[in-house]
Every structure is written in structure tokens, then in C-alpha cells.
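Undergrad: model this:
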Amino acid sequence: MKSTFLPRAPRRLTLAAALACSLSAVSAFAADPPPPADLGAFAQQAAKTYGLNAPDVLATLAQAHYRQSVVDAMSRPAESVKTWKQYRPIFVTARRIAAGRAFYAAHRKQLQKAQDATGVPAELICAIIGVETGYGGNTGSYRVLDSLYTLAFWYPRSGDPAKAQRENDRQAFFRDQLAQLFALSKEQHFDITHLTGSYAGAMGWGQFMPSSYRQYAVDGDGDGHIDLFGGSLPDLFASVANYFVANGWKKGEPVAVRAIHDPDTIAFAPDDFTPKYTLADLEQKGYRPKVSLGQPLMASLLTLDGAQGMEDWIIFQNFYSITRYNRSPMYAMAVYQLAEAIAGKDPDTPPAP
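TA: Residues are numbered from 1 along each chain as shown. Below is the predicted model:
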């Protein structure tokens with residue numbers, strides 16, 4: 001997908017006039033609920049936080065629409081309803097591996113440049129793009145403005161007091177992403193009414209959220225402009241690598257290794273995937289790496305329900321870094337295994353047909 005870089009002429013309306021315009025335009029769309037009562041407060045806060053013009057924000061929000069399909073998709077992510085034996089065949093397939101190898105071969109020089117600059121393996125950069133968008137083939141058909149508007153104001157609440165804080169945090173996250181979409185428009189001169197992406201508001205070949213685009217995207221080709229929508233693969237490769245570096249990637253260290261579990265010990269399940277155990281700690285709990293690592297590393301443990309039964313993995317800081325791209329450990333494992341297969345390094349877990 002090519003991005004639409006169309007700077008919009010500023011609309012200098014009073015806040016009251018812009019809010020009236022927003023309310024009437026949004027109400028006119030048949031599928032939309034009544035506009036949120038705090039739309040004006042949101043525009044004021046976004047303007048204050050990111051140096052925007054509140055009437056301009058409201059004028060653009062007048063073109064945003066509620067999408068039930070966004071709520072439906074957000075309510076059933078694959079990571080929450082599938083086991084590893086169901087999830088892995090979606091992403092680690094012979095077809096996706098072959099496409100990844102072809103993509104790597106076609107862009108080897110540019111990928112190698114990103115790897116040399118950051119220490120992030122070229123095959124991992126390929127795997128992220130392969131998992132996220134099929135190497136640029138499917139960058140999403142949802143209008144980003146609609147997705148973020150829907151999730152910022154209309155994602156349903158359960159009414160369960162035990163979930164209230166998590167729901168408040170989710171709303172705050174998507175409202176900030178919507179505000180940062182406007183900040184991105186100002187900085188990069190995007191016409192955000194034309195940007196398309198995922199149901200969650202992620203954009204481009206690497207599916208960056210607006211905050212990630214602003215924080216991690218870099219100018220890889222030195223032309224003074226950042227394009228993650230396929231117009232500049234050097235920008236894309238450098239930005240994906242930079243994301244991992246900023247989230248703790250350790251050059252030359254492993255991502256994960258299969259573990260052997262002593263059947264005479266009790267199964268161990270850490271409360272998160274932060275690498276806070278020594279290998280000696282894990283061995284005391286009955287888990288040791290299947291292959292010698294030759295260096296002391298901090299680690300954690302991941303157990304997955306695989307096609308051949310339960311799989312135990314010792315995971316390291318670089319695995320944790322992948323989970324910063326997507327918090328699901330199955331996502332991180334799929335990216336890792338696809339990367340290994342692209343590089344021809346995955347003998348322990350052969351690709352699905």
C-alpha cells in the first residue's frame with residue numbers, strides 16, 4: 001500500500017463551531033451512535049498535549065465513523081482463542097517461508113545494512129514484515145481514523161468492577177493513539193482521512209501504531225522523509241530494527257531454545273516472560289537447554305501446547321523484545337520460528353505444509 005501524503009489546508013474554526021460541525025456530520029452517518037459527549041474535551045487535551053489546533057482536530061473527527069467490525073475484530077484476537085498448535089500453522093507455513101526467502105533475496109543489501117547498523121538479524125526483520133502484512137501484501141483495509149475513533153470512544157465495557165481498571169487503561173491507550181495520529185499528521189504531512197491499516201489502528205508494512213511511528217520510525221534512506229508504507233524499504237527495515245533495539249535487543253544473543261524438562265520435577269509457569277532467572281535457577285526447577293549455550297544468560301520459561309504435545313522453551317531478552325511488538329508469546333514464537341526458517345536454521349520445528 002502506498003501512503004497518501006496530502007497536507008490538508010488548515011481549517012480555522014472556533015471550537016464551538018467545529019464541535020457543532022463534528023456532531024452533525026457524525027450523526028448523519030447511519031451506522032454511527034450519537035457522538036461522544038466528551039469529544040470537545042478530547043480535542044482540547046490532544047491540542048494541549050501535542051501542539052495541535054483543537055478546531056482542526058474536531059473538523060477531522062467529523063469525518064470519523066463508528067465501525068462495529070472493529071469492535072468485533074478486537075473482541076476475538078487469534079492469540080486469545082487459539083492454542084499454539086492452531087496458531088503456528090497460520091504463520092509458519094512453507095508458502096510464507098518461501099515468500100520470506102524470496103523477499104530476503106530481493107532486498108538483501110538493504111536488509112544487511114539494517115542488520116549491520118543495529119545487530120538485529122535481517123531474517124527477523126523479514127519475519128516481522130511477513131507475519132504483519134505478508135511482506136507488504138496485506139496492510140489492512142480499515143480506515144485508521146475510524147478504527148482509532150471507534151476504539152477510543154466506543155469499545156464496550158463489561159460492567160465488571162474487577163475489569164474496570166484494565167478497561168480504563170485500554171480506553172486511555174486508544175485515545176492517546178488517536179491524538180498521536182493527529183500529531184503524526186502534523187509532523188509527516190499525512191492526510192489521515194486516507195490512511196488505512198489494521199482494525200487496531202496499526203499502519204504500513206510493519207504495522208506501527210501512531211505512537212510507535214512517531215517514536216521508532218527512522219529515515220533509513222536519508223531523504224529527509226519517513227515512509228513505512230512501501231515507498232522506502234530502507235526506512236521500513238531501519239525502523240523495524242530500531243524498534244527492537246529500543247526495546248532491549250541484545251546483539252548476538254539467542255531468542256529461545258528448546259528445554260528438556262525433568263519429569264520428576266513439578267511443572268513451572270512464570271508469572272510473566274521477563275528474563276529474570278539464571279539458567280541455574282531454571283535447572284533447579286527441572287529445565288535445562290537442549291543445546292549448550294556457552295554463556296551465562298538471564299532467561300524465563302515458556303510452555304506451549306504444540307502439535308506433538310507440550311513444548312518447553314527457555315526464552316531470553318531477545319524473545320522479550322519481540323513481545324514488545326505484540327504482547328502475545330505465541331506471536332513472538334511464530335516470528336522467531338519464521339525467521340529461523342527463512343534463514344534455514346529451524347531443524348527442531350519443521351514448517352507446516
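Undergrad: Under the pLDDT cut-off, which ranges of this protein? List them.
TA: For the chain, applying pLDDT under 70 flags the ranges 1-31, 78-80, 346-353.
Undergrad: now the strands: where do they sit in it?
TA: 142-143, 196-197, 256-261, 277-278, 287-289, 298-306, 309-315 (DSSP state E).
Undergrad: where does the first one sit relative to the chain's centre, distance-wise?
TA: Averaging C-alpha coordinates over strand 142-143 and over its chain gives two centres that are 16 Å apart (C-alpha atoms, centre = their mean, to the nearest Å).
Undergrad: Over to the third one?
TA: The chain centre lies 26 Å from the centre of strand 256-261; the measure is C-alpha atoms, centre = their mean.
Undergrad: So the residue nearest to residue 170 when sequence neighbours are not counted versus residue 169, what's the distance?
TA: Distances taken as C-beta to C-beta, 6 or more residues apart in numbering put residue 155 closest to residue 170, at 6.7 Å, once the chain neighbours are dropped. C-beta: built from backbone N, CA, C; applies to glycine. Between residue 155 and residue 169 the distance is 12 Å, computed by C-beta to C-beta, to the nearest Å.
Undergrad: Could you check which of the two is surrounded by more residues?
TA: residue 155 (15 against 10; other C-beta atoms under 10 Å).
Undergrad: Thought residue 71 was touching that one, still the case?
TA: Yes - judged on C-beta atoms under 8 Å, residue 155 makes contact with residue 71 at a distance of 6.2 Å.
Undergrad: what's around residue 54, how many residues?
TA: Residue 54: 21 neighbours (other C-beta under 10 Å).
Undergrad: With residue 303 instead?
TA: 18.
Undergrad: can you check residue 345 too?
TA: Neighbours around residue 345, by other C-beta under 10 Å: 12.
Undergrad: Would you confirm that residue 196 contacts residue 144?
TA: Yes - assessed by C-beta under 8 Å, residue 196 is found in contact with residue 144 at 6.4 Å.
Undergrad: Now list whatever residues contact both of these two.
TA: residue 203 (C-beta atoms under 8 Å, 6 or more residues apart in numbering).
Undergrad: Have a look at these two and say which one is more surrounded.
TA: Ranked by neighbour count (other C-beta under 10 Å), residue 196 and residue 144 place residue 144 first, with 28 against 19.
Undergrad: so how far is residue 207 from that one?
TA: Relative to residue 207, and taking C-beta to C-beta, residue 144 is found at 11 Å.
Undergrad: now the helices for the stretch 201-350 of the chain?
TA: Shown for the stretch 201-350 of the chain, the helices assigned by DSSP state H, counting those that start in this stretch span residues 210-216, 233-246, 279-284, 317-323, 329-342.
Undergrad: Compare those and give me the one nearest residue 113.
TA: helix 233-246 (7.3 Å; C-beta to C-beta).
Undergrad: what does the closest one contact?
TA: Against helix 233-246 from outside (C-beta under 8 Å, 6+ apart): 107, 110-111, 113-115, 117-120, 124-125, 128-129, 204-206, 208, 212, 215-221, 226-228, 230, 321-322, 324-325.
Undergrad: buried subset of these?
TA: Buried subset of the contacts of helix 233-246 (neighbour count, 16 or more other C-beta atoms under 10 Å): 107, 110-111, 113-115, 118, 120, 124-125, 128-129, 204-206, 208, 212, 216-218, 220-221, 226-228, 230, 321-322, 325.
Undergrad: if we can go back for a sec, where do the contact lists of residue 144 and residue 207 overlap?
TA: In contact with both residue 144 and residue 207: residue 197, using C-beta under 8 Å, 6+ apart.
Undergrad: coming back round to it: TSV please, covering the helices of the stretch 201-350 of the chain and showing distance to residue 184.
TA: Output for the helices of the stretch 201-350 of the chain, formatted as TSV (distance: least, C-beta to C-beta, whole Å):
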stretch	distance to residue 184
helix 210-216	5
helix 233-246	13
helix 279-284	42
helix 317-323	24
helix 329-342	24
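Undergrad: Of those helices, which is nearest residue 139?
TA: helix 233-246 (11.3 Å).
Undergrad: how is this structure carved up into domains?
TA: 15-75+140-216, 256-315 (automatic domain parsing).
Undergrad: Can you get me the start-to-end distance on the last one?
TA: Its start and end residues considered, domain 256-315 measures 4 Å (C-alpha to C-alpha, to the nearest Å).
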